[in-house]
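*Asks:* Here you go, sequence then predicted model.
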Amino acid sequence: MMERKQKQIPMLEKIFHLSERGTNARTEMVAGLTTFLTCVYIVAVNPAILSAAGMDTKAVFWATALASAIACIWIGIWANLPFALAPAMGLNAYFAYYVVNTLGLTWQNALACVFISGVTFMLLSILKVQQKIVDAMPECIKLSVGAGIGFFIAFTGLHQAGIITASKDTLLTLGDLSNPGALLALAGIFVMAVLVIKQVKGGILIGILGITVIGIFITNPLTGTSYTQLPDTLVAFDNPVKALAPTLGQLSIKGMFTGAPVIVLGVIFAIISFLFVDLFDSIGVLLGVASKAGLLDKDGNLPCAGKALFVSAGGAAIGALLGTNTVTIYGAESTTGIAEGGRTGMTACVTGVLFLLALFFSPVFLMVPSIATAPALVMVGIFMIEPLRSIDLKDISIALPVFLTVAFMPFSYNIAYGILFGMIGYTVGKIAAGKSKELTGTVKVLTVLFVIYLVLDIIL
């Protein structure tokens, strides 16, 4: 056994350069397991959200786990970076609740939007223009987009659990906390928060599983059944082709560009939104997380950034083909693995392999009720507001676009509108402050396009 272990070390050294980055195989495996435990909640949350778009939950589960596994292993081997990738939180809600349920597209059309944005992102990566686009965008917009998505996700979770409900008098109000489901979800938020604060590995997953178990013994007053429905078996050896059949290769552009002008514009803007959020998110995470891992060179650049961005783009396209929303780099979750010493792509590969193993436990993840996933959405929202602390909000010309970006996402229930009004607000703020020379050509063009979109939306 010892001889076999020694033979594996040169191979790992050759692929991942462990010694060069001051790590070893054991550390990387622990880091990969830690990262997996902090982001595996997505395989339970994603099917619950995308089912609102009419998608098959088991197929989405498989697509989520497979797309995550492929992207993690891809970035690990090709770019040698310790980052996890999985379907993006926020964009899954945008996919289901806006693109499908509000805009009126089919989920097959929505997958096509994701695929087109992913392919476009790949082309931008090949042409090496994605960094220039992001560099041209205002820093306050880039930082506030993530925070806005965080509030959007948190609001979705609170409403999904019945903690926040609609009101005829005040639009929104506190839900009925005498409802055991809402009360359990509220308790779950605090339990998860405590676990995360105590730095318990897999705190979010533990919270989800705990609420799921308790849900077995609590009756939903609306249905008369328990919140958690036990499956016939806990382990399943499904046929991959059969399990994925409802969503595999089902994306379609049919009818996307033949409706009313305002709908066509909405489709185009949805594609742009998927692209921009993935673009901003990926680059922001790359720079932030890579810095914490000590992977930046002396000039503050990440040597493998181009490869990482291409994987993120390719992951989005592959995910759409399998049947899930935009796959992107996970920042907060990747940081947990890096904190455990993960420094190479071996961390990402271990995470990817564990996503594959999760497929055998599909019944466990698919029985998770919405009251268990809702607290996870709130916790992810909390993680995502952190960038706001680095923005100078004393400058009203900056505070204006930041507020519009963050506020319009949850209030309009639309990520795209947050970006749109944020960009318009930034341009207005700079002009009012006599700093119009700071507006880049990219910002000017986008502002004009966004204004035209709003005018057409109003007229049509």
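*Replies:* The structure has been received and is ready for your questions.

*Asks:* C-alpha only now, for contacts and for neighbours.
*Replies:* OK.

*Asks:* tell me the contacts of Q229?
*Replies:* Residues near Q229 by Cα atoms under 8 Å, 6 or more residues apart in numbering: I216, M367.

*Asks:* swap the cut-off to 10 Å and go again
*Replies:* When contacts are counted by Cα atoms under 10 Å, 6 or more residues apart in numbering, Q229 touches T212, V213, G215, I216, F217, L366, M367, V368, P369.

*Asks:* cool, and D392?
*Replies:* With contacts defined as Cα under 10 Å, 6+ apart, D392 is in contact with C140, I398, A399, V402.

*Asks:* Need the three-state assignment for it.
*Replies:* coil (DSSP: H, G, I helix; E, B strand; the rest coil).

*Asks:* and if you look at A110?
*Replies:* helix.

*Asks:* Buried ones in the lengthiest helix in the chain, by neighbour count?
*Replies:* Across the chain, the helix with the greatest residue count (assigned by DSSP state H) is helix 261-293. By 16 or more other Cα atoms under 10 Å, the buried positions in helix 261-293 come out as 262-267, 269-287, 289-290, 293.

*Asks:* now stretch 214-231
*Replies:* G215, I218, T219, S226, Y227, T228, Q229, L230.

*Asks:* host element of I338?
*Replies:* Element membership of I338, judged by DSSP states H and E, is helix 331-339.

*Asks:* starting at the chain centroid, how far to the helix or strand following that helix?
*Replies:* Next along the chain after helix 331-339, taking DSSP H and E as the criterion, comes helix 345-358. How far helix 345-358 lies from its chain's middle: 18 Å, per Cα atoms, centre = their mean, to the nearest Å.

*Asks:* do the same with stretch 100-117
*Replies:* Per Cα atoms, centre = their mean, the centroid offset for stretch 100-117 relative to its chain is 17 Å.

*Asks:* so can I have JSON lines of the contacts of Q229 showing distance to G90, pLDDT and secondary structure?
*Replies:* Formatted as JSON lines, the contacts of Q229 follow (distance: Cα to Cα, whole Å; pLDDT from 0 to 100; DSSP: H, G, I helix; E, B strand; the rest coil):
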{"residue": "T212", "distance to G90": "22", "pLDDT": "90", "secondary structure": "helix"}
{"residue": "V213", "distance to G90": "26", "pLDDT": "92", "secondary structure": "helix"}
{"residue": "G215", "distance to G90": "25", "pLDDT": "93", "secondary structure": "helix"}
{"residue": "I216", "distance to G90": "28", "pLDDT": "93", "secondary structure": "coil"}
{"residue": "F217", "distance to G90": "31", "pLDDT": "93", "secondary structure": "coil"}
{"residue": "L366", "distance to G90": "20", "pLDDT": "82", "secondary structure": "helix"}
{"residue": "M367", "distance to G90": "22", "pLDDT": "86", "secondary structure": "coil"}
{"residue": "V368", "distance to G90": "19", "pLDDT": "84", "secondary structure": "coil"}
{"residue": "P369", "distance to G90": "19", "pLDDT": "86", "secondary structure": "coil"}
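
*Asks:* Just put those residues in CSV and tack on distance to I197.
*Replies:* Supplementary listing: those in CSV, determined by distance: Cα to Cα, whole Å:
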residue, distance to I197
T212, 21
V213, 23
G215, 24
I216, 27
F217, 28
L366, 27
M367, 27
V368, 24
P369, 24
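
*Asks:* Quick check: the farthest pair among those residues?
*Replies:* Among the contacts of Q229, the pair separated by the greatest distance (Cα to Cα) is F217 and L366, at 17.5 Å.

*Asks:* distance of F61 from L12?
*Replies:* Applying Cα to Cα, to the nearest Å, the value for F61 to L12 is 31 Å.
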